[in-house]
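**Student:** structure for this input, please:
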Amino acid sequence: MNIITSSPDSVPPSAGKSERDSTAPPEKKKREISPARIVIFSFVGVIVIGTLLLCLPASGTGKPLKVEDALFTATSAVCVTGLTVVDTEKDISFWGQTVILALIQLGGLGIMTYSIFFFLLFRRKYISQNNVVVLSETLSTGTSDVRRLLFAVFKVTMMFELWGILLLYLLWRKTLPADRIWWDCAFHSISAFCNAGLSTFSANVFHVRQIKSGCAVIMGLIICGGLGFTVIESLLYRRYYIKSGRKVLPLQTKVVLTTTAFLIISGALLFWILDAHHSLDNDPFFNKGFHALFQSVTSRTAGFNTVNLGKASALGVILLTILMFIGGSPGSTAGGIKTTTAAIIFATIRSLMKNPQKGDVEIFKRRIPADIVNRAFVIAVLCFALVSSVTILLTITEGIKMSAWPKGQEPILRLLFETVSAFGTVGLSTGITPHLSVMGKILITMTMLIGRVGPLTVVIAMSESKHVSNYHYPEEKVMVG
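**Tutor:** A predicted model of the protein is given here:
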């Protein structure tokens, strides 16, 4: 082997320069905004714009809305929650309702989805990596084909919403005024698919509860909007077929469909039993079952109601609170900790009880990665901490006003229900929302925003840049349980 050596004098100029530069302080890289912060800033920006538009005199039927009421309504619309402190039918004009509907559509699909769509529409060749990451996180898909994904989202959304408008028109045309029928159908179709729960009727869909076929259409839109775009795509398109012609669904689709069906059926049966002599008392036997099914569907983030929840039993309220906390599915218009999170937590507990030594979490003969399991538990703990903290704060801010609330359940239970409804972006209420203090409205507003973007996203946005350590501390066991 020949070894080539060179004297210091023979070092090339470029090498010397490289050596000198290596001792110089590194240049500061341009700091990019994290995808988590992009999501939050997008929602906050649209909420601010919506608040300003709802504060205009044209948005109200009489005097303009108060700033705190306009902020609450805009946040409820963008976060597709459905809680209201004003009467949408009596206090908000047609222009104001149009603003609310636009905010619902923007919030339901995600602000970043729209921004990237228009970015592609104008044939820009470059898409920032942040936008790709945000979109993938929002829609819960690992695909990098953003163009295909975006157009699939818009196509699916338009298809369901247009079918909803047509079906509601056919079913409601003999009941609703002819001059507003198309507007009411469009508003409720979009609100249902986006799981918003906002209505142009003062009494919500209680106003048309006797038309069961219309309620069934709304239920269908809520379920489809809460499944998630990737799940709907896997059910509609043929790319998931194999050569034998048998359809092989992704694991997420199986988990979402199974968990959703279990929650809807068990929730309906339990609410039917628990509230048969309370909120369902005035209905015949089978009508009670139908409206129990509707409440089971809508309580998992939609917020429409066909019963008076102010008359619901304490156990019925607790049941609906659990359903609201779980919510819909990832990549959908729904909120909550998500069905997949609940399924992974249940599968982990079952795995530890059956075989603690193995340590694998398995669902449908597939092993779930440890980082996904850890994330599911972190999300559940953060959400529980958020709901608990806000409920405690509301007991302080609303202490004096509780005596003036409409009759119903225990005040602490109603505050918990209101908080979980805001966090899960549901919109159901026992009737105390308009009676909240200004501080209480602000707390619920913040909870709606955090619930829409996700507590984990907020924590990531508040944290510094990731620092990967190249060392591990010694391991030592502690006693638990």
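**Student:** contacts and neighbour counts: CA atoms only from here.
**Tutor:** Noted.
**Student:** tell me which helix or strand of this protein sits lowest on mean pLDDT?
**Tutor:** For the chain, using mean pLDDT, DSSP states H and E, the weakest element among its helices and strands is helix 13-22, scoring a mean of 46.
**Student:** state the next helix or strand along the chain beyond that one.
**Tutor:** Under the assignment DSSP states H and E, the closest C-terminal helix or strand after helix 13-22 is helix 35-54.
**Student:** so for that following helix, mean pLDDT?
**Tutor:** For helix 35-54, mean pLDDT rounds to 86.
**Student:** what ranges do the strands span in the stretch 301-450 of the chain?
**Tutor:** With DSSP state E, counting those that start in this stretch as the criterion, the stretch 301-450 of the chain has strands at 361-363, 366-368.
**Student:** any weak-confidence spans in the chain?
**Tutor:** 1-35, 111-146, 237-247, 404, 408-409, 461-469, 481 (pLDDT under 70).
**Student:** grab the most central residue of it for me.
**Tutor:** A centroid search over the chain (C-alpha atoms, centre = their mean) returns residue 335, at 2.5 Å, as the residue closest to the centre.
**Student:** for it, give its distance to residue 449.
**Tutor:** Residue 335 sits 11 Å away from residue 449 when distances are taken as C-alpha to C-alpha, to the nearest Å.
**Student:** got it, and residue 216?
**Tutor:** 29 Å.
**Student:** same question for residue 368.
**Tutor:** If you measure residue 368 against residue 449 using C-alpha to C-alpha, the figure is 30 Å.
**Student:** who's more crowded, these two?
**Tutor:** For residue 368 against residue 449, the residue with the higher neighbour count under other C-alpha atoms under 10 Å is residue 449, and the figures read 25 against 16.
**Student:** ok, now which ones touch the more buried one?
**Tutor:** The contact partners of residue 449, by C-alpha atoms under 8 Å, 6 or more residues apart in numbering, come to 43, 75, 79, 423.
**Student:** now, which of the residues you listed sits nearest residue 316?
**Tutor:** When the contacts of residue 449 are compared for distance to residue 316 (C-alpha to C-alpha), residue 423 comes out closest, at 18.8 Å.
**Student:** ok, and the closest non-adjacent residue to that closest one?
**Tutor:** Closest residue to residue 423 apart from its sequence neighbours, by C-alpha to C-alpha, 6 or more residues apart in numbering: residue 451 at 4.3 Å.
**Student:** if I look at the one you found, how far off is residue 378?
**Tutor:** Distance, residue 451 to residue 378, using C-alpha to C-alpha: 15 Å.
**Student:** just want the angle from the helix or strand containing residue 101 to helix 35-54.
**Tutor:** With elements taken from DSSP H and E, the one containing residue 101 is helix 94-109. Here helix 94-109 points in a direction 170 degrees away from that of helix 35-54 (axes from the mean of the first three to the mean of the last three C-alpha atoms, to 10 degrees).
**Student:** state the phi and psi torsions of residue 331.
**Tutor:** Backbone torsions of residue 331, given as degrees, to the nearest 10, read phi 70, psi 20.
**Student:** rewinding a little: other SSEs contacting the helix holding residue 101?
**Tutor:** If you count contacts as 3 or more C-alpha pairs under 8 Å, 6 or more residues apart in numbering; DSSP states H and E, helix 94-109 packs onto helix 35-54, helix 67-78, helix 181-193.
**Student:** tell me which of the ones you listed lies nearest to residue 358.
**Tutor:** Once the helices and strands packed on helix 94-109 are compared by C-alpha to C-alpha, helix 35-54 is nearest, at 34.9 Å.
**Student:** and that closest one, which residues are buried?
**Tutor:** For helix 35-54, the buried set under the neighbour-count rule, 16 or more other C-alpha atoms under 10 Å, comprises 35-40, 43, 46-47, 50-51, 53-54.
**Student:** centre of the chain to that helix, how far?
**Tutor:** Distance of helix 35-54 from the chain centroid (C-alpha atoms, centre = their mean, to the nearest Å) equals 16 Å.
**Student:** one more: stretch 308-316?
**Tutor:** Taking C-alpha atoms, centre = their mean, one finds stretch 308-316 lying 24 Å from the centre of the chain it belongs to.
**Student:** same check on stretch 272-283?
**Tutor:** 29 Å.
**Student:** buried residues in that stretch?
**Tutor:** 272, 274, 275, 276, 278, 279, 280.
**Student:** now stretch 297-310
**Tutor:** Buried positions in stretch 297-310, judged by neighbour count with 16+ other C-alpha under 10 Å: 297-307, 309-310.
**Student:** go on, stretch 86-101?
**Tutor:** By neighbour count on 16+ other C-alpha under 10 Å, the buried set for stretch 86-101 is 86, 88-89, 91-97, 99-101.
**Student:** using PDB, list the CA coordinates for that stretch.
**Tutor:** In PDB, the C-alpha atoms belonging to stretch 86-101 read as follows (Å, rounded to 0.1, in the frame of the first residue of the first chain):
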ATOM      1  CA  VAL A  86     -76.900  33.400  21.200                       C
ATOM      2  CA  ASP A  87     -80.000  32.200  19.300                       C
ATOM      3  CA  THR A  88     -78.800  31.600  15.800                       C
ATOM      4  CA  GLU A  89     -82.300  31.900  14.300                       C
ATOM      5  CA  LYS A  90     -83.400  35.000  16.200                       C
ATOM      6  CA  ASP A  91     -80.200  36.900  17.000                       C
ATOM      7  CA  ILE A  92     -78.100  36.300  13.800                       C
ATOM      8  CA  SER A  93     -79.000  37.600  10.400                       C
ATOM      9  CA  PHE A  94     -78.700  35.700   7.100                       C
ATOM     10  CA  TRP A  95     -75.300  37.400   6.500                       C
ATOM     11  CA  GLY A  96     -74.100  36.300  10.000                       C
ATOM     12  CA  GLN A  97     -75.400  32.700   9.400                       C
ATOM     13  CA  THR A  98     -73.400  32.700   6.100                       C
ATOM     14  CA  VAL A  99     -70.300  33.700   8.000                       C
ATOM     15  CA  ILE A 100     -70.900  30.900  10.500                       C
ATOM     16  CA  LEU A 101     -71.400  28.400   7.700                       C
END
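**Student:** done for today, thanks.
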